[in-house]
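Trainee: coords please:
(3 chains)
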Amino acid sequence: MIFIEILDLLGTFVFAVSGIRLAATKDMDWFGAYVIGLVTAIGGGTTRDLLLNVTPFWMEDPTYLIVTGVALLSIIIFRSRLLKMGITIFLFDTIGLGLFTVTGISKSLALGLPMWTSIVMGTITGTIGGVVRDIIINEVPLLFRKDIYAIACIAGGLVYFLCYQFEILSPFQELIAAIVVVATRLIAVKFHLQLPKLDLVSTGKNSKPSK
Amino acid sequence: MIFIEILDLLGTFVFAVSGIRLAATKDMDWFGAYVIGLVTAIGGGTTRDLLLNVTPFWMEDPTYLIVTGVALLSIIIFRSRLLKMGITIFLFDTIGLGLFTVTGISKSLALGLPMWTSIVMGTITGTIGGVVRDIIINEVPLLFRKDIYAIACIAGGLVYFLCYQFEILSPFQELIAAIVVVATRLIAVKFHLQLPKLDLVSTGKNSKPSK
Amino acid sequence: MIFIEILDLLGTFVFAVSGIRLAATKDMDWFGAYVIGLVTAIGGGTTRDLLLNVTPFWMEDPTYLIVTGVALLSIIIFRSRLLKMGITIFLFDTIGLGLFTVTGISKSLALGLPMWTSIVMGTITGTIGGVVRDIIINEVPLLFRKDIYAIACIAGGLVYFLCYQFEILSPFQELIAAIVVVATRLIAVKFHLQLPKLDLVSTGKNSKPSK
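Mentor: Numbers count the residues shown, from 1 in each chain, chains lettered A, B, ... in the order given. Reported below is the predicted structural model:
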């Protein structure tokens, strides 16, 4: 369990770093960068907990706010070094995604939700933080335009379900599912796999929906 | 009741189609388009259920996620034909608005809320999906700039309230209120009725609030 | 208590005015401006109540919707005069911030939350309305880029906590904390105090995270 908790903190840290790095491109002050980092790190779990009608996890444990503060300080102090760690950060980001997804599924199942809702909750836990981050910094969410990201969560969720069917129990169930999330994302990035774009030629003329 | 359920599914389908069509103008992949369609279709009801402190309706019934998937598939397969059905889609969209509004009012009243809150909840059910959609695709929500849309929901809500006063019972109460929503919107579009713009000349110079 | 209620309504009124003024720069109609004003006024408290898992305050008392309506009418009728009252509005806006912050802290403590969570809830109550307003009108939230605003809330929260430690009881505790919020913000604006920007030179080239 301590291993899981360390990974959870590492995931939080790396999600926060990814948010703070984007905030830095948007002329934000330290407080703004902190909030964007926090939203990226806890936004998915908070959305899940609001939908599940339970108290958001970070309201009962200050660790997540502290870890985000550490992330901000690290970036301010070690920025050039942290920015060179692109691949390391990408790896932890992916591990965070896998772990957050599995946490979301387990928490939802424990509350008695059906498997398919739990997979949706796991995907929300892994991805919504980044979506809210992109909405706040005024970008169309990356999640909807590029990369196999949410699909990796769903793949992991389906494998979690299969483990359940074949009576592969905790913690192997969670471990296998998290590995599937990580592997799916790594393979997708390695081979530049992407979902097809939805290109409706005939609407191309009306590219501004506001008219 | 089966009639209502069919209309509910049709409303979901058409709201999803409207979201997916906008997503296609924003360079999104299939998954992004699916999520935008889903948010458009279930965003209003989800916001209502979060405010009402009950489990969001779609978490207990996979139908809405499936219908949105069918909407995406339909657009991918029949896109040119679907895009020509502009008026049909507009009609169903309006019927969906009426139905969603009435559903929101009824659910809120059943939970013991006062009439005025229930009308607000009905309006939220009918409109917030489109607002969240516009926020995600990075547009100023259409709802706030054009068309009698929310006003139609409020008109329907007031008639729902009048029916209640005159002891016109379910299902006629719901039916009449939904018809008022649909009629108000159709009349407004037909005669180009719009609310006045809020134009404060003296702030015109500071058109960028960010400075 | 009547004094507090009057300040609460004044705070709501002034927050609504600030939202409606921004809406007017975005080509919105009266309904859109009303909603933006409402979101600015009640968005923070609504977010707090959703996180606290209680019914949002405005759903049980129509006053807030009415006050926002009065704000819209006032702007339409007295616009030139209201727009000249810049400093008066700024003062009430700051008083509103102080009051909303203290309300948020008190409500959270009353529900049994720890002090640090309550300070976060107070800050959310005071600031999130403006953030949601900026997201809807498609701007990067001002909160994250300029001004000592959230910091004032946090300062007030810490003083609230100190009062608690030194057994300074209600209503002096609330009063002192609110005064600290107001004073911090006034001093920060007077002396142009700002938090440092987070400027990561090496990411400057990738200023568009969307690529």
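Trainee: and the residue of chain A that's closest to chain B?
Mentor: Closest to chain B within chain A is A:Phe144: 2.6 Å, counting by CB to the nearest CB. All C-beta atoms are positioned from the backbone trio N, CA, C, and that covers glycine.
Trainee: for the nearest residue to that residue once chain neighbours are set aside, give its distance to B:Val159.
Mentor: Leaving aside its sequence neighbours, A:Phe144 sits nearest to B:Gly32 (CB to CB, 6 or more residues apart in numbering or on different chains; 2.6 Å). Using CB to CB, to the nearest Å, B:Gly32 is found at 38 Å from B:Val159.
Trainee: the two - which one has more neighbours?
Mentor: Set B:Gly32 next to B:Val159 and count neighbours by other CB atoms under 10 Å in any protein chain shown: B:Gly32 wins out with 27 against 20.
Trainee: ok, the more buried one - contacts?
Mentor: A:141, A:143-145, A:198, B:23, B:26 (CB atoms under 8 Å, 6 or more residues apart in numbering or on different chains).
Trainee: what does chain A put close to chain C?
Mentor: Taking CB under 8 Å from any CB of the partner chain, the part of chain A that reaches chain C is made up of A:20-33, A:35-36, A:46, A:50, A:53-56, A:59-60, A:62, A:65, A:75-76, A:79-80, A:83, A:135-140, A:142, A:145.
Trainee: same thing but 6 Å
Mentor: Neighbours of chain C within chain A, by CB under 6 Å from any CB of the partner chain: A:22, A:24-33, A:56, A:59, A:62, A:79, A:83, A:138-139.
Trainee: quick check: ChimeraX command selecting the buried ones in the residues you listed.
Mentor: A single ChimeraX command is used to select the members of the residues of chain A next to chain C judged buried by 16 or more other CB atoms under 10 Å in any protein chain shown:
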select /A:22,24,25,26,27,28,29,30,31,32,33,56,59,79,83,139
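Trainee: quick one: pLDDT of the residue in chain A that chain C sits nearest to?
Mentor: Nearest to chain C in chain A, going by CB to the nearest CB, is A:Gly32, at a distance of 2.6 Å. You'll see A:Gly32 listed with a pLDDT of 89.
Trainee: in three-state terms, label it for me.
Mentor: Here A:Gly32 takes the helix state, with states given by DSSP: H, G, I helix; E, B strand; the rest coil.
Trainee: what does A:Gly96 give?
Mentor: A:Gly96 ends up helix, using three-state DSSP.
Trainee: verify the stated contact: A:Gly98 with A:Ala178.
Mentor: Yes. With contact defined as CB atoms under 6 Å, A:Gly98 reaches A:Ala178; the gap is 3.7 Å.
Trainee: related to what we said a few turns ago, the residues of chain A next to chain C in helices, which ones?
Mentor: A:22, A:24, A:30-33, A:79, A:83 (DSSP state H).
Trainee: any chance of those in CSV, with distance to B:Phe13 too?
Mentor: As requested, those are exported to CSV (distance: CB to CB, whole Å):
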residue, distance to B:Phe13
A:Leu22, 35
A:Ala24, 42
A:Trp30, 47
A:Phe31, 44
A:Gly32, 40
A:Ala33, 42
A:Arg79, 49
A:Leu83, 46
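Trainee: farthest-separated two in those?
Mentor: A:Phe31 and A:Leu83 (21.1 Å; CB to CB).
Trainee: if I look at the most centrally placed residue in chain A, how far off is C:Val102?
Mentor: The structure's chain A has its C-alpha centroid closest to A:Gly126; by CA atoms, centre = their mean the separation is 3.2 Å. According to CB to CB, A:Gly126 and C:Val102 sit 36 Å apart.
Trainee: then A:Glu174?
Mentor: On the measure of CB to CB, A:Glu174 and C:Val102 end up 43 Å apart.
Trainee: when those two are compared, which one has more neighbours?
Mentor: Ranked by neighbour count (other CB under 10 Å), A:Glu174 and C:Val102 place C:Val102 first, with 28 against 22.
Trainee: where are the low-confidence patches of chain A?
Mentor: Low-confidence segments of chain A (pLDDT under 70): A:1, A:82-83, A:145-147, A:200-211.
Trainee: which element is the closest residue in space to A:Leu97 that isn't next to it in sequence on?
Mentor: Nearest non-adjacent residue to A:Leu97, counting by CB to CB, 6+ apart: A:Gly126, 4.8 Å away. A:Gly126 is part of helix A:115-136, with elements assigned from DSSP states H and E.
Trainee: packing partners for that helix?
Mentor: helix A:30-52, helix A:86-110, helix A:150-165 (3 or more CB pairs under 6 Å, 6 or more residues apart in numbering or on different chains; DSSP states H and E).
Trainee: count of neighbours near A:Ala110?
Mentor: Neighbours around A:Ala110, by other CB under 10 Å: 10.
Trainee: swap in the one 10 residues further on?
Mentor: Around A:Val120 there are 25 other residues, counting by other CB under 10 Å.
Trainee: how about A:Glu5?
Mentor: Neighbour tally, A:Glu5, other CB under 10 Å: 10.
Trainee: now it: which helix or strand?
Mentor: Taking DSSP H and E as the definition, A:Glu5 sits inside helix A:2-24.
Trainee: centre of the chain to that helix, how far?
Mentor: Averaging C-alpha positions (CA atoms, centre = their mean, to the nearest Å) puts helix A:2-24 10 Å from its chain's average.
Trainee: contacts for that helix next, please.
Mentor: If you take CB atoms under 6 Å, 6 or more residues apart in numbering or on different chains as the criterion, helix A:2-24 is touched by A:33, A:36-37, A:40-41, A:64, A:67-68, A:71-72, A:75, A:89, A:92-93, A:96, A:99-100, A:133, A:137, C:198, C:200, C:203, C:209.
Trainee: mind checking which of those are buried?
Mentor: Buried among these (16+ other CB under 10 Å): A:33, A:36-37, A:40-41, A:64, A:67-68, A:71-72, A:75, A:89, A:92-93, A:96, A:99-100, A:133, A:137, C:198, C:200, C:209.
Trainee: report the contact partners of A:Leu51.
Mentor: A:Leu51 touches B:Pro56, counting by CB under 6 Å, 6+ apart.
Trainee: 7 Å instead, please
Mentor: A:121, B:56, B:59 (CB atoms under 7 Å, 6 or more residues apart in numbering or on different chains).
Trainee: thinking the residue of chain A closest to chain B is in contact with B:Leu38, fair?
Mentor: No. Between A:Phe144 and B:Leu38 there is no contact under CB atoms under 7 Å: 11.3 Å.
Trainee: quick one on the thing from earlier: mean neighbour count, the helices and strands packed on helix A:115-136: which tops it?
Mentor: Of all those, helix A:30-52 has the most neighbours on average by mean count of other CB atoms under 10 Å in any protein chain shown, namely a mean of 25.
Trainee: distance between that helix and the chain's centre?
Mentor: 10 Å.
Trainee: between that helix and helix A:86-110, how big is the angle?
Mentor: Computed by axes from the mean of the first three to the mean of the last three CA atoms, to 10 degrees, the angle separating helix A:30-52 from helix A:86-110 equals 30 degrees.
Trainee: what is the orientation angle of helix A:30-52 with helix A:150-165?
Mentor: Going by the same axes, to 10 degrees, helix A:30-52 makes 40 degrees with helix A:150-165.
Trainee: could you check the angle helix A:115-136 makes with helix A:30-52?
Mentor: Using the same axes, to 10 degrees: helix A:30-52 against helix A:115-136 is 160 degrees.
Trainee: what angle separates helix A:30-52 from helix A:2-24?
Mentor: 130 degrees.
Trainee: shared neighbours of A:Gly98 and A:Ala178, anything?
Mentor: A:Gly156.
Trainee: close to chain B, is stretch A:161-174?
Mentor: No. Stretch A:161-174 is not in contact with chain B by CB under 7 Å from any CB of the partner chain; minimum separation 13.7 Å.
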